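Novice: Give me a 3D structure for the following:
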Amino acid sequence: MSETPDPDRAARAIAENVYAAYCRQATMPAHPLEEQTIVTPLVEAIRPQIGGSPGAIVEAVNAALSAWEQRDPDIRGPRVATIDRSDGAITLG
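Specialist: Purely as a prediction, here's the structure:
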């Protein structure tokens, strides 16, 4: 069994933290399996930015959230202001 590379693990941790924080403040209907619908695109947006600046990760995350909201007019929520790459912690703004 192969180990997940560090960028994948970091991207997944950040994406899951973003999703959890976003859902605590967002206006959205409850949909089964909605978590993977947004976590997967968040991971894909974050992964290429892992070696770059935190600002690039924030931009990628917020773009993915905007794209998700555009698909469903009932979903609205905050945007990410900061990301700590060392532990995946995020701040909403």
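
Novice: buried ones in the helix or strand hosting residue 39?
Specialist: In this assignment (DSSP states H and E), residue 39 forms part of helix 34-46. Residues of helix 34-46 classed as buried: 34, 38, 39, 41, 42, 43, 45, 46 (neighbour count, 16 or more other Cβ atoms under 10 Å). Backbone N, C-alpha and C define where each C-beta goes, glycine included.

Novice: Just give me how far the host helix or strand of residue 68 sits from the chain centre.
Specialist: Per DSSP H and E: residue 68 is located in helix 54-71. With Cα atoms, centre = their mean, to the nearest Å as the basis, helix 54-71 stands 7 Å off its chain's centre.

Novice: and it, what's its mean pLDDT?
Specialist: For helix 54-71, the mean pLDDT works out to 94.

Novice: Can you dump the C-alpha atoms of it in CSV for me?
Specialist: The C-alpha coordinates for helix 54-71 follow below in CSV (Å, rounded to 0.1, in the frame of the first residue of the first chain):
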residue,chain,number,x,y,z
PRO,A,54,-0.5,31.1,1.1
GLY,A,55,-2.2,33.9,-0.9
ALA,A,56,-2.2,31.6,-4.0
ILE,A,57,-3.9,28.9,-2.0
VAL,A,58,-6.5,31.4,-0.6
GLU,A,59,-7.3,32.5,-4.2
ALA,A,60,-7.6,28.9,-5.4
VAL,A,61,-9.9,28.0,-2.5
ASN,A,62,-12.1,31.1,-3.0
ALA,A,63,-12.4,30.5,-6.7
ALA,A,64,-13.5,26.9,-6.0
LEU,A,65,-16.1,28.1,-3.5
SER,A,66,-17.4,30.7,-6.0
ALA,A,67,-17.7,28.0,-8.7
TRP,A,68,-19.7,25.8,-6.3
GLU,A,69,-22.0,28.6,-5.3
GLN,A,70,-22.7,29.4,-9.0
ARG,A,71,-24.0,25.9,-9.5
